[in-house]
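**Q** Sequence and predicted structure, then a few things I'm wondering about:
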2 protein chains.
Amino acid sequence: MAANPTLYDVAREAGVSLATASRALNGSTRVVKAEYRDRVLAAAERLGYTANLSAQAVARGTSSTVALLVSDIADPYFSSIAAGVSRAAAAEGLTVTIAVTERDAELEISLVRMLRGQRPRAIVLAGSRFIDEDDRGTLVGELQSFIGTGGRVSLISQDELPFPTVSIDNSGGAALLAGELVDLGYRGFGILAGPENLATARDRATAFVGALPHPPVAVVHGAFSRDAGYTGMMQLIDSGLGELDAVFAVNDVMAVGALSALRDRGIPVPDRVAVAGFDDIPMALDVTPPLTTVRVELEAAGAAALALALGDEPSPSIVRMPVEVVIRASTPPR
Amino acid sequence: MAANPTLYDVAREAGVSLATASRALNGSTRVVKAEYRDRVLAAAERLGYTANLSAQAVARGTSSTVALLVSDIADPYFSSIAAGVSRAAAAEGLTVTIAVTERDAELEISLVRMLRGQRPRAIVLAGSRFIDEDDRGTLVGELQSFIGTGGRVSLISQDELPFPTVSIDNSGGAALLAGELVDLGYRGFGILAGPENLATARDRATAFVGALPHPPVAVVHGAFSRDAGYTGMMQLIDSGLGELDAVFAVNDVMAVGALSALRDRGIPVPDRVAVAGFDDIPMALDVTPPLTTVRVELEAAGAAALALALGDEPSPSIVRMPVEVVIRASTPPR
DNA sequence: CTGTTAGCGCCTTCAA
DNA sequence: TTGAAGGCGCTAACAG
């Protein structure tokens, strides 16, 4: 088990000094005579040298890493965002380390602390927004001191936090959707509202309800997941659909769960109940019927978040991702 | 913009030596008097100290990072695996850096080189298996020299490479599935076979065909993606379904695309054609009809891959993930 | 059990 | 343009 060749080995092999080797391999400004440079490059190639990034980071005082926090990487919402972040990072020559919060506020905070140890160039938070004040406070504090030491932070869809954020117009999108559904002739709405303490969910539900001419027939809370959509819909079904002719799930994965619940109960969609979601995850096209939803360019949002974190705008800037209602077969005119 | 507090700062603040502070904060063989330890801990807390992981890595000669390579993090197959890897990593106190190969062999190789710079404890490859000999050779070489310098490697579903791997019984699963479909009464098979140069795809297609009593009616090649499944199915439709009464897509995302194509063309599933896939991604339950497939515990596979890489088995060991045919409504008895 | 002191691999002044 | 030398933050002998 030979050790990794070090820059020193390369220098010796090339018959130059450490400094010259360093400059030839990575040196930004300094110029190295072509002959030396070639010798160094050849030596590096021959030895299979790869710069030790940790050592570089220590010496330079800055790393080429960005950290991404997501609630659940298997969730299409987050994996789309992650795809955007990692593509943008690759374009910048940055590597991304990813951490999963499992929707646990305390875990999220401790992960941020841990991640700070990497001294990443930036931390991008795509996790959930907690409404709990304490957690919020410590998270903000942690992030703030990260910034205090030269770090950059950006958030996705958490616009009440004092950092640059890529904002998704949850309220606007939900209200628009409500309007369109009403125009299509729907009257009795059920809401799968997600977690009560999650701002994204709450904003969407509240705005949707606010844009309705009459109060909704039913509101069910639960997790932000496919399974919660499924069980939430089951609850609605079991308590009698009655007047209910449309269900709005505050995100697509929940809507997908709801569709499956309806199918499993033999309730025709959209004939008996229509279903709509939010996010326009890729899967929305492949369920039956295709899902009406509010489109958000998730990958672009991820890329934008990284750009925002890396860019040098005056701090609390904000990028608004456009939202757009997409009517599909799950909500035909009634 | 204050710099990050260093261990030295903490030591000074606590009135102890650097070494003591180090031992109190990270020392493996813990032997620091309680009073000192508390002082150090308090000082660290007060200063908001976080160990510089890069510096630790340099000093220790070993990092606490693992690298994961996937083809496409937005693909449910890979995001499930990533979830497994990152959960297992978190349990070990390791952070995972993720790189996306975009199914590009050369990019994959250069990413491996780049990742080696991190000196990760292990590299887990969940990407595609290339059949091209040259690429294969350089990839193996790169990995081998990584191992030569003390690194660990594991693969998922690439069992022809000389490294510890979590193997998925592609051939066995496909053959089993074929048998069950034949038993169910299907006779005219179409195959959405995926890329010709991808071993996983080829193994599945070949084994499936091999287990059939008669040659398939049609075989269509294409990418390993949802869209390729869609267009592949469209091709089958446009060239006339004829005898064809069942389609096997070599992975679920393709099968999902195929279902959408059939739906868009108004062809009833499963009445006119049945559809089956492979992987049992979560979405398989939520399409209509629910998808018959071969189940692979993807998250477990990811976790197993990390364990394999970290474990100290004699090198080229292999973990076989069980596969299991799951018959759902997309392939009822005919 | 604690402090001193070399490194770890690399970058970057500073002279030459 | 090159090389020598100090330093980045931390760990690990090695004495005390």
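**A** That came through, no problem. This structure is a prediction, so every number in the text was calculated from the model and none was measured.

**Q** is the helix or strand residue A:237 falls within anywhere near chain B?
**A** For residue A:237, the host element (DSSP states H and E) is helix A:226-238. Yes: for helix A:226-238, a contact with chain B is found by Cβ under 8 Å from any Cβ of the partner chain, at residue A:226. The way it works is simple: take the backbone N, C-alpha and C, and place the C-beta from them, glycine included.

**Q** pull the CA atoms of that helix into PDB?
**A** The C-alpha trace of helix A:226-238 is given here as PDB (Å, rounded to 0.1, in the frame of the first residue of the first chain):
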ATOM      1  CA  ARG A 226     -46.400  10.300  -0.400                       C
ATOM      2  CA  ASP A 227     -47.600   8.000   2.400                       C
ATOM      3  CA  ALA A 228     -49.200  10.900   4.300                       C
ATOM      4  CA  GLY A 229     -51.000  11.900   1.100                       C
ATOM      5  CA  TYR A 230     -52.200   8.300   0.900                       C
ATOM      6  CA  THR A 231     -53.500   8.100   4.400                       C
ATOM      7  CA  GLY A 232     -54.800  11.600   4.400                       C
ATOM      8  CA  MET A 233     -56.900  10.800   1.400                       C
ATOM      9  CA  MET A 234     -58.100   7.600   3.000                       C
ATOM     10  CA  GLN A 235     -59.300   9.700   5.900                       C
ATOM     11  CA  LEU A 236     -61.200  12.000   3.600                       C
ATOM     12  CA  ILE A 237     -62.700   9.000   1.900                       C
ATOM     13  CA  ASP A 238     -63.600   7.200   5.100                       C
END
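
**Q** and that helix, how far out from the chain's middle?
**A** Relative to the mean C-alpha coordinate of its chain, helix A:226-238 is positioned 25 Å out (Cα atoms, centre = their mean, to the nearest Å).

**Q** Check which helices and strands it sits against.
**A** strand A:189-194, strand A:218-221, strand A:246-249, helix A:252-264 (3 or more Cβ pairs under 8 Å, 6 or more residues apart in numbering or on different chains; DSSP states H and E).

**Q** in chain A, which spans are strands?
**A** A:65-70, A:95-100, A:122-125, A:152-156, A:165-168, A:189-194, A:218-221, A:246-249, A:274-276, A:293-296, A:318-321, A:323-326 (DSSP state E).

**Q** picking that back up, what's the angle between the helix holding residue A:237 and strand A:189-194?
**A** Orientation of helix A:226-238 against strand A:189-194 (axes from the mean of the first three to the mean of the last three Cα atoms, to 10 degrees) gives an angle of 150 degrees.

**Q** What residues sit buried inside helix A:226-238?
**A** By 16 or more other Cβ atoms under 10 Å in any protein chain shown, the buried positions in helix A:226-238 come out as A:226, A:228-234, A:236-237.

**Q** what do you get for stretch A:179-193?
**A** Those buried within stretch A:179-193 under the rule 16+ other Cβ under 10 Å are A:180-182, A:186, A:188-193.

**Q** repeat for stretch A:39-52
**A** Buried residues in stretch A:39-52 (16+ other Cβ under 10 Å): A:39-41, A:43-44, A:47-52.

**Q** Alpha carbons of it, in PDB - could you do that?
**A** What follows is stretch A:39-52, C-alpha atoms only, in PDB (Å, rounded to 0.1, in the frame of the first residue of the first chain):
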ATOM      1  CA  ARG A  39       8.600  18.400 -16.900                       C
ATOM      2  CA  VAL A  40       6.500  18.800 -13.900                       C
ATOM      3  CA  LEU A  41       3.300  17.800 -15.700                       C
ATOM      4  CA  ALA A  42       5.000  14.700 -17.000                       C
ATOM      5  CA  ALA A  43       6.300  13.800 -13.700                       C
ATOM      6  CA  ALA A  44       2.900  14.200 -12.100                       C
ATOM      7  CA  GLU A  45       1.400  12.100 -14.900                       C
ATOM      8  CA  ARG A  46       4.000   9.400 -14.400                       C
ATOM      9  CA  LEU A  47       3.500   9.200 -10.700                       C
ATOM     10  CA  GLY A  48      -0.300   9.400 -10.900                       C
ATOM     11  CA  TYR A  49      -0.300  12.500  -8.700                       C
ATOM     12  CA  THR A  50      -3.500  14.100  -7.500                       C
ATOM     13  CA  ALA A  51      -3.300  17.200  -5.400                       C
ATOM     14  CA  ASN A  52      -4.400  16.600  -1.800                       C
END
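
**Q** Can you name the residues in contact with that stretch?
**A** A:4-7, A:9-11, A:13-16, A:20-21, A:24-26, A:32, B:58, B:113, B:116-117, B:119, B:145 (Cβ atoms under 8 Å, 6 or more residues apart in numbering or on different chains).

**Q** which of those residues come close to DNA strand D?
**A** Filtering the contacts of stretch A:39-52 for proximity to DNA strand D (criterion: Cβ under 7 Å from any atom of the strand) leaves A:16, A:20, A:32, B:58.

**Q** Tell me how many other residues surround the third one.
**A** Think residue A:32. Residues lying near residue A:32 (other Cβ atoms under 10 Å in any protein chain shown) number 20.

**Q** Pull up the gap between it and residue B:38, please.
**A** From residue A:32 across to residue B:38, the span is 52 Å (Cβ to Cβ, to the nearest Å).

**Q** now the last one
**A** Counting by Cβ to Cβ, the gap between residue B:58 and residue B:38 amounts to 28 Å.

**Q** And the two? Which one has more around it.
**A** Counted by other Cβ under 10 Å, residue B:58 and residue B:38 do not tie: residue B:58 has more neighbours, with 20 against 13.

**Q** how about the residue lying closest to residue A:193 once chain neighbours are set aside, what does it touch?
**A** Closest residue to residue A:193 in three dimensions, ignoring its sequence neighbours and counting by Cβ to Cβ, 6 or more residues apart in numbering or on different chains: residue A:205, at 4.1 Å. By Cβ under 8 Å, 6+ apart, residue A:205 lies in contact with A:174, A:191, A:193-194, A:219, A:248, A:250.

**Q** Which positions in the stretch 51-200 of chain A make contact with chain B?
**A** Near chain B, when you scan the stretch 51-200 of chain A using Cβ under 8 Å from any Cβ, you find A:51-55, A:57-58, A:63, A:65, A:72-76, A:79-80, A:82-83, A:86-87, A:90, A:95-100, A:113-119, A:145, A:148-150.

**Q** how about the helices of chain A, start to end?
**A** A:7-14, A:18-25, A:34-47, A:53-60, A:76-91, A:105-116, A:133-148, A:170-183, A:199-210, A:226-238, A:252-264, A:298-310 (DSSP state H).

**Q** how about the residues of chain A that lie near DNA strand C?
**A** Looking at DNA strand C, the residues of chain A close enough under Cβ under 7 Å from any atom of the strand are A:3-4, A:6-8, A:18-19, A:22-23, A:25-28, A:49, A:51-52, A:55-56, A:58-60.

**Q** ok, now with 6 Å
**A** Within chain A, the positions adjacent to DNA strand C are A:3, A:6-8, A:18-19, A:22-23, A:26, A:51-52, A:55-56, A:58-60 by Cβ under 6 Å from any atom of the strand.

**Q** which of these are buried?
**A** Buried among the residues of chain A next to DNA strand C (16+ other Cβ under 10 Å): A:6-7, A:22-23, A:51-52, A:55-56, A:58.

**Q** Filter the contacts of stretch A:39-52 down to the buried ones.
**A** Buried among the contacts of stretch A:39-52 (16+ other Cβ under 10 Å): A:4-7, A:9-11, A:13-14, A:16, A:20-21, A:24-25, A:32, B:58, B:116-117, B:119, B:145.

**Q** My read is that residue A:195 contacts residue A:225, right?
**A** No: with contact defined as Cβ atoms under 8 Å, residue A:195 does not count as touching residue A:225 (9.7 Å).

**Q** Okay then, goodbye and thanks.
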